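J.: Next input, structure requested:
(one chain, ligands or ions: 1)
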Amino acid sequence: MHQYPLIIDGQYNIGSICTSQQCAAGRGSKVAMRWINSNLEKTDYTFDELNNESNKFANVLKNLGFQKGDIFFTFLPKSSEQIFSFLGTLKIQAIAGTLFSNFGEESLLDRLGDSKAKGVITKKSLYKKILSISEKLPELKTIIITDINEHISGNVLSYSLLMKEASGNFDVALTSADTPSVLHYTSGSTGKPKGVLHLHKSVLLQNYTSKHILQLNENEIYWCTADQGWVTGTSYGIIGPWSLGVTQIHFGGAYDADIWMNLIENEKITIWYTAPTALRMLMREDSSIFLKHDLSRLKHIFSVGEPLNPEVINWSRELLKKDIYDTWFQTETGSIMIANRPGLPVKSGSMGKPADILEAAIISDEGKILNNKQVGNLCVKAGWDSMFRTYLNNEDIYNKKFKNGYYYTGDLAYRDEDGYYWFVGRNDDVINTAGHLISPFEIESALLEIPEIAESGVIGAPDDILFEKVVAYIRLKDQFSWSDDLEMNVRLRLANKLSSIATPQEIKIIKEIPKNKSGKIMRRVLKAWYMGTDPGDISTLDV
Ligand code: PRX
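T.: I've put the predicted structure just below:
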(Lines give C-alpha, C1' and ligand atoms only; values in the text may rest on other atoms or scores of the structure.)
Protein backbone atom coordinates (compact mmCIF):
# COMPACT_ATOMS: atom_id res chain seq x y z
CA MET A 1 0.00 0.00 0.00
CA HIS A 2 1.26 3.49 -0.80
CA GLN A 3 1.66 5.81 2.13
CA TYR A 4 0.83 9.43 1.48
CA PRO A 5 0.92 12.18 4.08
CA LEU A 6 -2.86 12.49 3.91
CA ILE A 7 -3.31 9.55 6.28
CA ILE A 8 -2.81 10.95 9.76
CA ASP A 9 -2.69 8.67 12.81
CA GLY A 10 -4.17 5.81 10.82
CA GLN A 11 -7.40 7.69 10.02
CA TYR A 12 -8.57 6.59 6.55
CA ASN A 13 -12.08 7.97 6.84
CA ILE A 14 -12.88 9.71 3.55
CA GLY A 15 -15.46 11.93 5.25
CA SER A 16 -12.98 13.30 7.72
CA ILE A 17 -10.08 13.53 5.25
CA CYS A 18 -12.24 15.71 2.97
CA THR A 19 -13.52 18.00 5.74
CA SER A 20 -12.18 18.13 9.32
CA GLN A 21 -8.65 17.27 8.21
CA GLN A 22 -8.74 20.20 5.75
CA CYS A 23 -9.89 22.49 8.57
CA ALA A 24 -7.14 21.18 10.84
CA ALA A 25 -4.65 21.98 8.06
CA GLY A 26 -5.73 25.61 8.19
CA ARG A 27 -8.25 25.62 5.31
CA GLY A 28 -11.36 26.08 7.48
CA SER A 29 -12.26 29.46 6.01
CA LYS A 30 -11.31 28.54 2.44
CA VAL A 31 -14.20 27.98 0.03
CA ALA A 32 -14.57 24.22 -0.50
CA MET A 33 -17.59 24.42 -2.77
CA ARG A 34 -19.26 27.14 -4.75
CA TRP A 35 -22.69 25.69 -5.38
CA ILE A 36 -24.38 27.25 -8.43
CA ASN A 37 -27.96 26.18 -9.04
CA SER A 38 -29.72 26.03 -12.38
CA ASN A 39 -30.90 29.65 -11.91
CA LEU A 40 -27.24 30.60 -11.51
CA GLU A 41 -27.68 31.55 -7.85
CA LYS A 42 -24.48 30.97 -5.93
CA THR A 43 -23.83 29.75 -2.40
CA ASP A 44 -20.33 29.32 -1.02
CA TYR A 45 -19.47 26.68 1.57
CA THR A 46 -16.14 26.85 3.35
CA PHE A 47 -14.37 23.70 4.55
CA ASP A 48 -15.62 24.61 8.05
CA GLU A 49 -19.19 24.62 6.71
CA LEU A 50 -18.67 21.42 4.73
CA ASN A 51 -17.39 19.82 7.93
CA ASN A 52 -20.27 21.18 9.97
CA GLU A 53 -23.01 20.14 7.54
CA SER A 54 -21.61 16.65 7.04
CA ASN A 55 -21.14 16.29 10.83
CA LYS A 56 -24.80 17.22 11.26
CA PHE A 57 -25.84 14.60 8.75
CA ALA A 58 -23.63 12.02 10.48
CA ASN A 59 -25.48 12.86 13.73
CA VAL A 60 -28.84 12.61 11.93
CA LEU A 61 -28.03 9.07 10.80
CA LYS A 62 -26.58 8.12 14.18
CA ASN A 63 -29.67 9.43 15.98
CA LEU A 64 -31.83 7.38 13.61
CA GLY A 65 -29.93 4.24 14.62
CA PHE A 66 -27.68 3.83 11.57
CA GLN A 67 -24.47 1.97 12.22
CA LYS A 68 -21.15 1.07 10.65
CA GLY A 69 -21.73 -1.12 7.57
CA ASP A 70 -25.36 -0.10 6.98
CA ILE A 71 -26.10 1.01 3.43
CA PHE A 72 -27.50 4.49 2.84
CA PHE A 73 -28.14 5.86 -0.65
CA THR A 74 -28.43 9.33 -2.09
CA PHE A 75 -31.08 9.60 -4.82
CA LEU A 76 -30.72 13.25 -5.73
CA PRO A 77 -29.64 15.40 -8.64
CA LYS A 78 -26.43 17.37 -8.18
CA SER A 79 -26.97 19.36 -4.99
CA SER A 80 -25.31 20.46 -1.78
CA GLU A 81 -27.56 18.08 0.19
CA GLN A 82 -26.27 15.16 -1.89
CA ILE A 83 -22.73 16.08 -0.93
CA PHE A 84 -23.35 16.70 2.78
CA SER A 85 -25.26 13.43 3.15
CA PHE A 86 -22.67 11.43 1.18
CA LEU A 87 -19.84 12.68 3.41
CA GLY A 88 -21.93 12.35 6.59
CA THR A 89 -22.74 8.74 5.74
CA LEU A 90 -19.04 7.97 5.35
CA LYS A 91 -18.29 9.67 8.67
CA ILE A 92 -20.37 7.12 10.59
CA GLN A 93 -18.67 4.35 8.56
CA ALA A 94 -21.95 3.46 6.89
CA ILE A 95 -21.67 2.63 3.17
CA ALA A 96 -22.56 5.54 0.89
CA GLY A 97 -24.36 4.45 -2.27
CA THR A 98 -25.38 6.89 -4.98
CA LEU A 99 -28.28 6.62 -7.43
CA PHE A 100 -28.60 8.59 -10.67
CA SER A 101 -31.62 10.87 -10.25
CA ASN A 102 -33.00 9.84 -13.64
CA PHE A 103 -33.48 6.20 -12.61
CA GLY A 104 -36.93 4.64 -12.98
CA GLU A 105 -38.66 2.20 -10.64
CA GLU A 106 -37.04 -1.01 -11.86
CA SER A 107 -33.54 0.48 -11.78
CA LEU A 108 -34.16 1.67 -8.22
CA LEU A 109 -35.64 -1.61 -7.08
CA ASP A 110 -32.69 -3.58 -8.48
CA ARG A 111 -30.20 -1.46 -6.57
CA LEU A 112 -32.04 -0.72 -3.30
CA GLY A 113 -33.31 -4.31 -3.14
CA ASP A 114 -30.04 -6.09 -3.94
CA SER A 115 -28.08 -4.01 -1.43
CA LYS A 116 -30.81 -4.25 1.25
CA ALA A 117 -30.34 -0.53 1.76
CA LYS A 118 -31.64 0.77 5.09
CA GLY A 119 -32.11 4.36 4.06
CA VAL A 120 -32.20 6.85 1.23
CA ILE A 121 -32.20 10.63 0.88
CA THR A 122 -34.21 12.06 -1.99
CA LYS A 123 -36.43 14.97 -3.00
CA LYS A 124 -40.20 15.22 -3.16
CA SER A 125 -40.55 14.73 -6.90
CA LEU A 126 -38.37 11.58 -6.83
CA TYR A 127 -39.91 10.18 -3.64
CA LYS A 128 -42.94 9.01 -5.67
CA LYS A 129 -40.77 6.49 -7.49
CA ILE A 130 -39.55 5.03 -4.21
CA LEU A 131 -43.04 5.00 -2.75
CA SER A 132 -44.31 2.93 -5.66
CA ILE A 133 -41.77 0.16 -4.92
CA SER A 134 -41.53 0.51 -1.14
CA GLU A 135 -43.56 -2.62 -0.44
CA LYS A 136 -40.86 -4.64 -2.16
CA LEU A 137 -38.17 -3.04 0.00
CA PRO A 138 -38.79 -4.30 3.55
CA GLU A 139 -35.31 -3.29 4.76
CA LEU A 140 -35.69 0.33 3.63
CA LYS A 141 -36.67 1.88 6.95
CA THR A 142 -35.76 5.54 6.53
CA ILE A 143 -36.49 8.00 3.75
CA ILE A 144 -35.22 11.54 4.16
CA ILE A 145 -36.66 14.23 1.87
CA THR A 146 -34.72 17.41 1.23
CA ASP A 147 -37.58 19.73 0.25
CA ILE A 148 -40.32 19.19 2.85
CA ASN A 149 -40.54 21.19 6.06
CA GLU A 150 -42.39 18.65 8.21
CA HIS A 151 -41.93 14.94 8.70
CA ILE A 152 -44.52 12.93 6.75
CA SER A 153 -44.40 9.92 9.07
CA GLY A 154 -42.10 8.17 11.52
CA ASN A 155 -39.84 7.07 8.69
CA VAL A 156 -40.42 9.63 5.95
CA LEU A 157 -38.58 12.58 7.36
CA SER A 158 -37.77 16.20 6.59
CA TYR A 159 -34.06 16.84 5.99
CA SER A 160 -34.24 20.44 7.16
CA LEU A 161 -35.99 19.52 10.40
CA LEU A 162 -33.53 16.74 11.15
CA MET A 163 -30.54 18.96 10.34
CA LYS A 164 -31.90 21.81 12.49
CA GLU A 165 -31.97 19.52 15.50
CA ALA A 166 -28.58 17.88 14.86
CA SER A 167 -25.29 18.96 16.41
CA GLY A 168 -22.45 20.14 14.17
CA ASN A 169 -19.92 18.26 16.29
CA PHE A 170 -19.14 14.69 15.44
CA ASP A 171 -16.13 12.61 16.39
CA VAL A 172 -15.34 10.35 13.46
CA ALA A 173 -14.24 6.96 14.76
CA LEU A 174 -10.84 5.73 13.64
CA THR A 175 -11.57 4.08 10.31
CA SER A 176 -9.25 1.39 8.98
CA ALA A 177 -8.04 1.28 5.38
CA ASP A 178 -10.21 -1.73 4.55
CA THR A 179 -13.51 -0.38 5.85
CA PRO A 180 -16.19 -0.41 3.11
CA SER A 181 -16.96 3.09 1.87
CA VAL A 182 -18.72 3.81 -1.43
CA LEU A 183 -21.16 1.68 -3.43
CA HIS A 184 -21.97 2.23 -7.12
CA TYR A 185 -24.02 -0.09 -9.27
CA THR A 186 -22.78 -0.86 -12.75
CA SER A 187 -24.49 -2.65 -15.63
CA GLY A 188 -23.11 -5.71 -17.37
CA SER A 189 -24.33 -7.41 -20.54
CA THR A 190 -26.00 -10.20 -18.59
CA GLY A 191 -27.94 -10.24 -15.35
CA LYS A 192 -28.91 -7.41 -13.06
CA PRO A 193 -26.65 -4.46 -12.27
CA LYS A 194 -23.89 -5.30 -9.84
CA GLY A 195 -22.94 -3.35 -6.72
CA VAL A 196 -19.30 -2.29 -6.88
CA LEU A 197 -18.05 -1.86 -3.33
CA HIS A 198 -15.04 0.29 -2.48
CA LEU A 199 -12.99 0.77 0.67
CA HIS A 200 -11.92 3.92 2.51
CA LYS A 201 -8.32 3.45 1.36
CA SER A 202 -9.45 4.25 -2.20
CA VAL A 203 -8.88 7.87 -1.17
CA LEU A 204 -5.13 7.23 -1.50
CA LEU A 205 -5.29 6.75 -5.24
CA GLN A 206 -8.05 9.29 -5.80
CA ASN A 207 -5.82 11.79 -4.05
CA TYR A 208 -2.71 10.70 -5.96
CA THR A 209 -4.32 10.81 -9.40
CA SER A 210 -6.07 14.12 -8.68
CA LYS A 211 -2.66 15.54 -7.92
CA HIS A 212 -0.48 13.86 -10.52
CA ILE A 213 -2.87 13.43 -13.43
CA LEU A 214 -5.48 16.16 -13.01
CA GLN A 215 -2.70 18.45 -11.69
CA LEU A 216 -4.82 19.67 -8.80
CA ASN A 217 -3.10 21.65 -6.11
CA GLU A 218 -4.70 23.86 -3.57
CA ASN A 219 -4.61 26.99 -5.69
CA GLU A 220 -6.69 25.53 -8.48
CA ILE A 221 -10.37 26.17 -9.09
CA TYR A 222 -11.81 22.96 -10.36
CA TRP A 223 -15.01 21.91 -12.08
CA CYS A 224 -16.05 18.32 -12.64
CA THR A 225 -19.23 18.13 -14.70
CA ALA A 226 -20.00 14.51 -13.76
CA ASP A 227 -23.12 13.70 -11.74
CA GLN A 228 -22.58 12.24 -8.27
CA GLY A 229 -24.78 9.29 -9.26
CA TRP A 230 -21.72 7.84 -11.04
CA VAL A 231 -18.15 7.07 -10.05
CA THR A 232 -16.53 10.11 -11.69
CA GLY A 233 -18.84 12.36 -9.68
CA THR A 234 -17.79 10.81 -6.36
CA SER A 235 -14.11 9.98 -7.00
CA TYR A 236 -13.34 13.28 -8.77
CA GLY A 237 -16.32 15.50 -7.90
CA ILE A 238 -15.99 14.90 -4.16
CA ILE A 239 -13.18 12.76 -2.80
CA GLY A 240 -9.97 13.38 -4.78
CA PRO A 241 -10.19 17.19 -4.97
CA TRP A 242 -11.32 17.75 -1.38
CA SER A 243 -8.67 15.39 -0.06
CA LEU A 244 -6.30 18.00 -1.53
CA GLY A 245 -8.17 21.02 -0.17
CA VAL A 246 -9.17 22.26 -3.63
CA THR A 247 -12.04 24.70 -4.28
CA GLN A 248 -14.69 23.03 -6.43
CA ILE A 249 -17.42 24.57 -8.53
CA HIS A 250 -20.57 22.45 -8.53
CA PHE A 251 -23.17 23.46 -11.11
CA GLY A 252 -26.70 22.07 -10.97
CA GLY A 253 -27.84 23.20 -14.43
CA ALA A 254 -27.98 21.28 -17.67
CA TYR A 255 -25.72 21.55 -20.72
CA ASP A 256 -25.66 25.05 -22.19
CA ALA A 257 -22.56 26.10 -24.08
CA ASP A 258 -22.86 29.79 -23.28
CA ILE A 259 -23.54 29.24 -19.58
CA TRP A 260 -20.70 26.75 -19.35
CA MET A 261 -18.22 29.15 -20.95
CA ASN A 262 -19.50 31.92 -18.68
CA LEU A 263 -18.84 29.69 -15.70
CA ILE A 264 -15.31 28.92 -16.82
CA GLU A 265 -14.60 32.61 -17.36
CA ASN A 266 -16.37 34.13 -14.36
CA GLU A 267 -15.53 31.48 -11.80
CA LYS A 268 -11.93 31.52 -13.02
CA ILE A 269 -11.92 27.77 -13.43
CA THR A 270 -8.41 26.47 -13.98
CA ILE A 271 -8.99 22.73 -14.32
CA TRP A 272 -12.01 21.15 -15.95
CA TYR A 273 -12.94 17.46 -16.00
CA THR A 274 -15.71 16.57 -18.44
CA ALA A 275 -16.84 13.97 -20.96
CA PRO A 276 -16.51 13.38 -24.71
CA THR A 277 -20.26 13.69 -25.36
CA ALA A 278 -20.29 17.18 -23.85
CA LEU A 279 -17.16 18.12 -25.78
CA ARG A 280 -18.66 16.87 -29.05
CA MET A 281 -21.76 18.96 -28.34
CA LEU A 282 -19.58 22.00 -27.74
CA MET A 283 -17.70 21.33 -30.96
CA ARG A 284 -21.00 21.71 -32.86
CA GLU A 285 -21.66 25.16 -31.41
CA ASP A 286 -20.85 28.36 -33.21
CA SER A 287 -17.23 29.33 -32.58
CA SER A 288 -18.30 32.86 -31.54
CA ILE A 289 -19.49 31.39 -28.22
CA PHE A 290 -15.93 30.50 -27.35
CA LEU A 291 -14.27 33.54 -28.85
CA LYS A 292 -16.35 35.99 -26.84
CA HIS A 293 -15.16 34.50 -23.54
CA ASP A 294 -11.83 34.95 -21.87
CA LEU A 295 -10.83 31.36 -21.17
CA SER A 296 -7.19 32.19 -20.53
CA ARG A 297 -7.27 31.08 -16.89
CA LEU A 298 -8.31 27.57 -17.91
CA LYS A 299 -5.12 25.54 -17.81
CA HIS A 300 -6.22 21.99 -18.50
CA ILE A 301 -9.21 20.07 -19.84
CA PHE A 302 -9.59 16.38 -19.02
CA SER A 303 -12.13 13.92 -20.33
CA VAL A 304 -13.38 10.47 -19.31
CA GLY A 305 -15.99 7.83 -19.97
CA GLU A 306 -15.90 7.15 -23.71
CA PRO A 307 -13.36 7.34 -26.49
CA LEU A 308 -12.33 10.90 -27.26
CA ASN A 309 -12.17 11.49 -31.00
CA PRO A 310 -9.07 13.16 -32.43
CA GLU A 311 -11.36 15.75 -34.14
CA VAL A 312 -12.39 17.03 -30.70
CA ILE A 313 -8.78 17.38 -29.61
CA ASN A 314 -7.98 19.24 -32.84
CA TRP A 315 -10.99 21.51 -32.39
CA SER A 316 -9.88 22.37 -28.87
CA ARG A 317 -6.30 22.99 -29.93
CA GLU A 318 -7.46 25.39 -32.65
CA LEU A 319 -10.26 27.20 -30.88
CA LEU A 320 -9.53 26.93 -27.17
CA LYS A 321 -5.76 26.71 -27.67
CA LYS A 322 -5.64 23.75 -25.32
CA ASP A 323 -5.09 20.04 -25.43
CA ILE A 324 -7.75 17.76 -24.05
CA TYR A 325 -6.36 14.96 -21.93
CA ASP A 326 -8.32 11.75 -22.25
CA THR A 327 -8.36 9.53 -19.15
CA TRP A 328 -9.58 5.96 -18.68
CA PHE A 329 -11.05 4.27 -15.68
CA GLN A 330 -14.07 2.29 -14.50
CA THR A 331 -16.45 2.10 -11.59
CA GLU A 332 -14.48 -0.98 -10.52
CA THR A 333 -11.08 0.73 -10.61
CA GLY A 334 -12.31 3.64 -8.47
CA SER A 335 -9.74 6.01 -9.86
CA ILE A 336 -7.96 6.93 -13.07
CA MET A 337 -5.71 4.11 -14.29
CA ILE A 338 -4.58 5.18 -17.75
CA ALA A 339 -4.33 8.78 -18.83
CA ASN A 340 -2.93 11.54 -20.89
CA ARG A 341 -1.62 14.34 -18.75
CA PRO A 342 0.35 17.55 -19.04
CA GLY A 343 4.00 16.73 -19.61
CA LEU A 344 3.19 13.68 -21.74
CA PRO A 345 2.75 14.48 -25.43
CA VAL A 346 -0.85 13.75 -26.46
CA LYS A 347 -1.31 11.16 -29.18
CA SER A 348 -4.81 11.97 -30.40
CA GLY A 349 -7.08 8.97 -30.03
CA SER A 350 -4.99 7.22 -27.39
CA MET A 351 -6.03 6.92 -23.73
CA GLY A 352 -2.45 7.71 -22.71
CA LYS A 353 -0.22 5.76 -20.36
CA PRO A 354 -0.89 3.99 -17.05
CA ALA A 355 -0.45 6.05 -13.87
CA ASP A 356 3.15 5.62 -12.76
CA ILE A 357 2.26 3.56 -9.69
CA LEU A 358 0.21 1.02 -11.65
CA GLU A 359 0.98 -1.81 -13.99
CA ALA A 360 -1.28 -2.45 -16.96
CA ALA A 361 -1.02 -5.26 -19.50
CA ILE A 362 -2.71 -6.57 -22.61
CA ILE A 363 -3.49 -10.25 -22.13
CA SER A 364 -4.97 -12.82 -24.52
CA ASP A 365 -8.05 -14.89 -23.66
CA GLU A 366 -5.66 -17.78 -23.00
CA GLY A 367 -3.77 -15.73 -20.37
CA LYS A 368 -0.71 -14.86 -22.48
CA ILE A 369 0.79 -11.40 -21.94
CA LEU A 370 0.76 -9.83 -25.38
CA ASN A 371 3.33 -7.63 -27.07
CA ASN A 372 2.95 -4.12 -28.38
CA LYS A 373 0.36 -3.64 -31.14
CA GLN A 374 -1.49 -6.87 -30.31
CA VAL A 375 -5.15 -6.40 -29.40
CA GLY A 376 -6.29 -8.20 -26.25
CA ASN A 377 -7.91 -7.82 -22.84
CA LEU A 378 -6.97 -4.64 -21.04
CA CYS A 379 -5.83 -5.75 -17.59
CA VAL A 380 -4.47 -4.05 -14.48
CA LYS A 381 -2.18 -5.75 -11.95
CA ALA A 382 -4.35 -6.38 -8.90
CA GLY A 383 -3.78 -4.60 -5.63
CA TRP A 384 -4.07 -0.88 -6.43
CA ASP A 385 -5.46 1.16 -3.54
CA SER A 386 -8.84 1.97 -5.07
CA MET A 387 -9.49 -1.57 -6.33
CA PHE A 388 -13.08 -2.58 -5.68
CA ARG A 389 -13.47 -5.05 -2.85
CA THR A 390 -16.35 -7.06 -4.32
CA TYR A 391 -19.52 -7.09 -6.38
CA LEU A 392 -22.04 -7.08 -3.56
CA ASN A 393 -23.68 -10.52 -3.20
CA ASN A 394 -21.71 -11.67 -6.26
CA GLU A 395 -18.30 -12.75 -4.98
CA ASP A 396 -18.13 -15.47 -7.67
CA ILE A 397 -18.41 -13.00 -10.53
CA TYR A 398 -15.88 -10.78 -8.74
CA ASN A 399 -13.38 -13.64 -8.47
CA LYS A 400 -13.79 -14.47 -12.15
CA LYS A 401 -12.54 -11.00 -13.04
CA PHE A 402 -9.10 -11.82 -11.61
CA LYS A 403 -6.65 -14.26 -13.17
CA ASN A 404 -2.96 -14.73 -12.38
CA GLY A 405 -2.88 -11.55 -10.35
CA TYR A 406 -4.47 -9.38 -13.04
CA TYR A 407 -7.89 -7.72 -13.07
CA TYR A 408 -9.64 -8.12 -16.45
CA THR A 409 -11.41 -4.86 -17.19
CA GLY A 410 -13.75 -6.12 -19.92
CA ASP A 411 -12.24 -3.68 -22.42
CA LEU A 412 -10.17 -4.59 -25.46
CA ALA A 413 -7.15 -2.46 -26.21
CA TYR A 414 -3.59 -2.46 -27.49
CA ARG A 415 -0.37 -0.71 -26.50
CA ASP A 416 1.84 0.98 -29.07
CA GLU A 417 5.62 0.98 -29.25
CA ASP A 418 5.81 4.12 -27.06
CA GLY A 419 3.73 2.58 -24.26
CA TYR A 420 0.47 4.42 -25.07
CA TYR A 421 -2.78 2.48 -24.73
CA TRP A 422 -5.48 2.56 -27.41
CA PHE A 423 -9.08 1.61 -26.72
CA VAL A 424 -10.54 -0.87 -29.22
CA GLY A 425 -13.92 -1.75 -27.71
CA ARG A 426 -15.66 -3.80 -25.05
CA ASN A 427 -15.44 -7.57 -25.01
CA ASP A 428 -19.11 -7.78 -24.11
CA ASP A 429 -22.38 -6.28 -25.35
CA VAL A 430 -22.57 -3.45 -22.83
CA ILE A 431 -23.62 -0.21 -24.50
CA ASN A 432 -21.76 3.01 -23.67
CA THR A 433 -24.09 5.91 -24.41
CA ALA A 434 -22.82 9.36 -23.45
CA GLY A 435 -20.46 7.71 -20.96
CA HIS A 436 -23.21 5.70 -19.26
CA LEU A 437 -22.99 1.94 -19.38
CA ILE A 438 -26.32 0.42 -20.32
CA SER A 439 -27.20 -3.25 -20.18
CA PRO A 440 -28.92 -4.58 -23.32
CA PHE A 441 -30.25 -7.41 -21.14
CA GLU A 442 -32.07 -4.97 -18.82
CA ILE A 443 -33.73 -3.21 -21.76
CA GLU A 444 -34.68 -6.50 -23.41
CA SER A 445 -36.22 -7.71 -20.12
CA ALA A 446 -38.18 -4.49 -19.70
CA LEU A 447 -39.41 -4.71 -23.31
CA LEU A 448 -40.64 -8.26 -22.78
CA GLU A 449 -42.95 -7.06 -20.03
CA ILE A 450 -44.88 -5.01 -22.58
CA PRO A 451 -47.87 -7.18 -23.62
CA GLU A 452 -47.57 -6.49 -27.36
CA ILE A 453 -43.91 -7.54 -27.55
CA ALA A 454 -42.92 -11.15 -28.24
CA GLU A 455 -39.13 -10.83 -28.43
CA SER A 456 -36.45 -8.17 -28.53
CA GLY A 457 -32.73 -7.73 -29.04
CA VAL A 458 -30.91 -4.54 -28.07
CA ILE A 459 -27.57 -3.28 -29.38
CA GLY A 460 -25.38 -0.20 -29.30
CA ALA A 461 -24.76 1.48 -32.66
CA PRO A 462 -22.25 4.24 -33.45
CA ASP A 463 -23.47 7.78 -32.84
CA ASP A 464 -21.75 11.06 -33.71
CA ILE A 465 -22.54 12.68 -30.37
CA LEU A 466 -23.27 9.93 -27.85
CA PHE A 467 -20.51 7.53 -29.00
CA GLU A 468 -23.16 4.79 -29.01
CA LYS A 469 -26.93 4.94 -29.24
CA VAL A 470 -29.39 2.33 -28.06
CA VAL A 471 -31.15 0.47 -30.88
CA ALA A 472 -33.95 -1.97 -30.05
CA TYR A 473 -35.08 -4.68 -32.45
CA ILE A 474 -38.57 -5.88 -31.59
CA ARG A 475 -40.77 -8.73 -32.79
CA LEU A 476 -44.41 -8.06 -32.01
CA LYS A 477 -46.87 -10.79 -31.12
CA ASP A 478 -48.78 -11.80 -34.26
CA GLN A 479 -52.05 -10.10 -33.35
CA PHE A 480 -50.44 -6.66 -32.85
CA SER A 481 -49.13 -4.07 -35.25
CA TRP A 482 -46.74 -1.18 -34.72
CA SER A 483 -48.22 2.31 -34.30
CA ASP A 484 -47.21 5.74 -33.00
CA ASP A 485 -49.22 5.10 -29.85
CA LEU A 486 -47.47 1.83 -29.18
CA GLU A 487 -44.10 3.43 -29.79
CA MET A 488 -44.93 6.21 -27.32
CA ASN A 489 -46.07 3.60 -24.80
CA VAL A 490 -42.84 1.60 -25.22
CA ARG A 491 -40.70 4.71 -24.73
CA LEU A 492 -42.61 5.84 -21.67
CA ARG A 493 -42.49 2.39 -20.11
CA LEU A 494 -38.72 2.18 -20.55
CA ALA A 495 -38.11 5.70 -19.24
CA ASN A 496 -40.26 5.04 -16.16
CA LYS A 497 -38.86 1.62 -15.49
CA LEU A 498 -35.17 2.12 -16.31
CA SER A 499 -34.17 5.68 -17.20
CA SER A 500 -34.37 8.04 -20.13
CA ILE A 501 -30.78 7.17 -21.08
CA ALA A 502 -31.83 3.53 -21.53
CA THR A 503 -34.70 4.48 -23.84
CA PRO A 504 -33.83 3.47 -27.43
CA GLN A 505 -32.95 6.17 -29.95
CA GLU A 506 -34.14 3.81 -32.64
CA ILE A 507 -36.72 1.03 -32.63
CA LYS A 508 -36.84 -1.47 -35.47
CA ILE A 509 -39.69 -3.92 -35.92
CA ILE A 510 -38.62 -7.23 -37.42
CA LYS A 511 -40.20 -10.62 -38.08
CA GLU A 512 -37.56 -12.74 -36.33
CA ILE A 513 -34.90 -12.09 -33.68
CA PRO A 514 -31.73 -14.06 -34.58
CA LYS A 515 -30.92 -16.64 -31.90
CA ASN A 516 -28.38 -19.39 -31.57
CA LYS A 517 -29.22 -23.05 -30.99
CA SER A 518 -29.56 -22.59 -27.25
CA GLY A 519 -31.97 -19.71 -27.77
CA LYS A 520 -29.60 -16.84 -26.94
CA ILE A 521 -30.18 -13.61 -28.82
CA MET A 522 -27.36 -13.06 -31.33
CA ARG A 523 -26.76 -9.38 -30.80
CA ARG A 524 -23.73 -9.51 -33.07
CA VAL A 525 -25.99 -10.43 -35.98
CA LEU A 526 -28.32 -7.54 -35.17
CA LYS A 527 -25.32 -5.24 -35.09
CA ALA A 528 -24.14 -6.52 -38.48
CA TRP A 529 -27.62 -5.96 -39.87
CA TYR A 530 -27.65 -2.44 -38.50
CA MET A 531 -24.20 -1.65 -39.86
CA GLY A 532 -24.91 -3.31 -43.21
CA THR A 533 -21.96 -5.66 -42.75
CA ASP A 534 -21.80 -9.41 -43.24
CA PRO A 535 -22.97 -11.25 -40.09
CA GLY A 536 -20.92 -14.29 -41.16
CA ASP A 537 -22.05 -17.86 -40.68
CA ILE A 538 -25.11 -17.38 -38.50
CA SER A 539 -25.37 -21.09 -37.62
CA THR A 540 -22.07 -21.08 -35.74
CA LEU A 541 -22.31 -17.68 -34.09
CA ASP A 542 -22.68 -17.39 -30.38
CA VAL A 543 -23.26 -14.29 -28.28
O1 PRX B 1 -15.42 0.78 -21.72
C2 PRX B 1 -14.71 1.72 -20.95
C3 PRX B 1 -15.40 3.08 -20.99
O4 PRX B 1 -16.26 3.12 -19.88
C5 PRX B 1 -16.13 1.91 -19.11
C6 PRX B 1 -16.28 2.20 -17.64
O7 PRX B 1 -17.55 2.70 -17.42
P8 PRX B 1 -18.02 3.06 -15.96
O9 PRX B 1 -17.70 1.95 -15.04
O10 PRX B 1 -19.44 3.50 -16.05
O11 PRX B 1 -17.12 4.28 -15.56
C12 PRX B 1 -17.18 5.43 -16.37
C13 PRX B 1 -16.38 6.57 -15.79
C14 PRX B 1 -15.00 6.25 -15.42
C15 PRX B 1 -14.78 1.37 -19.47
O16 PRX B 1 -14.67 -0.01 -19.22
N17 PRX B 1 -14.42 4.15 -20.88
C18 PRX B 1 -14.09 4.89 -19.80
N19 PRX B 1 -13.15 5.79 -20.12
C20 PRX B 1 -12.86 5.62 -21.42
C21 PRX B 1 -13.66 4.57 -21.90
N22 PRX B 1 -13.58 4.13 -23.18
C23 PRX B 1 -12.71 4.74 -23.99
N24 PRX B 1 -11.92 5.76 -23.60
C25 PRX B 1 -11.95 6.24 -22.33
N26 PRX B 1 -11.19 7.25 -21.97
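J.: Tell me how many other residues crowd Glu417.
T.: Other residues lying near Glu417 total 8 when counted by other Cβ atoms under 10 Å. (Each C-beta comes from the backbone N, C-alpha and C, glycine too.)
J.: Same check on the one 5 residues further on?
T.: Each residue near Trp422 was counted by other Cβ under 10 Å, and the total is 19.
J.: same deal with Asn63?
T.: A count of nearby residues for Asn63, using other Cβ under 10 Å, gives 12.
J.: and it, what does it touch?
T.: Asn63 makes contact with Leu162, Ala166 under the criterion Cβ atoms under 8 Å, 6 or more residues apart in numbering.
J.: With Trp422 as the reference, measure out to it.
T.: To Trp422, Asn63 is 52 Å away according to Cβ to Cβ, to the nearest Å.
J.: Where do the helices of the stretch 351-500 of the chain begin and end?
T.: Along the stretch 351-500 of the chain, counting by DSSP state H, counting those that start in this stretch, helices occupy 395-400, 440-448, 484-497.
J.: Let me know the average pLDDT across the shortest one.
T.: Rounded to a whole number, the mean pLDDT of helix 395-400 is 97.
J.: Equivalent analysis for stretch 192-200, please.
T.: Stretch 192-200 comes out at a mean pLDDT of 97.
J.: all strands of the stretch 401-543 of the chain, in order?
T.: With DSSP state E, counting those that start in this stretch as the criterion, the stretch 401-543 of the chain has strands at 402-403, 406-415, 421-426, 431-433, 436-438, 453-463, 467-476, 506-509.
J.: Ok, which of those strands comes nearest Leu131?
T.: Closest approach to Leu131 among these is made by strand 436-438 (25.4 Å; Cβ to Cβ).
J.: Direction included, what does the closest one pair up with?
T.: Sheet pairing of strand 436-438 (DSSP bridges) gives strand 431-433 (antiparallel).
J.: The partner strand near the ligand anywhere?
T.: Yes: residues of strand 431-433 contacting the ligand under Cβ under 6 Å from any ligand atom: Asn432.
J.: Local confidence estimate at whatever residue of the chain ends up closest to the ligand?
T.: Going by Cβ to the nearest ligand atom, the ligand is nearest to Thr331 of the chain, at 3.4 Å. Note on Thr331: pLDDT of 98.
J.: ditto for the one 3 residues further on
T.: On pLDDT, Gly334 comes in at 98.
J.: ok, it - contacts?
T.: Gly334 makes contact with Val182, His198, Ser202, Leu205, Gln206, Val231, Ser235, Ser386, Met387, Phe388, according to Cβ under 8 Å, 6+ apart.
J.: Give me the mean pLDDT for the strand or helix carrying Tyr127.
T.: With secondary structure defined by DSSP states H and E, Tyr127 is part of helix 124-131. Helix 124-131 carries an average pLDDT of 97.
J.: same deal with stretch 438-446?
T.: On average, stretch 438-446 scores 95.
J.: distance between it and the chain's centre?
T.: 19 Å (Cα atoms, centre = their mean, to the nearest Å).
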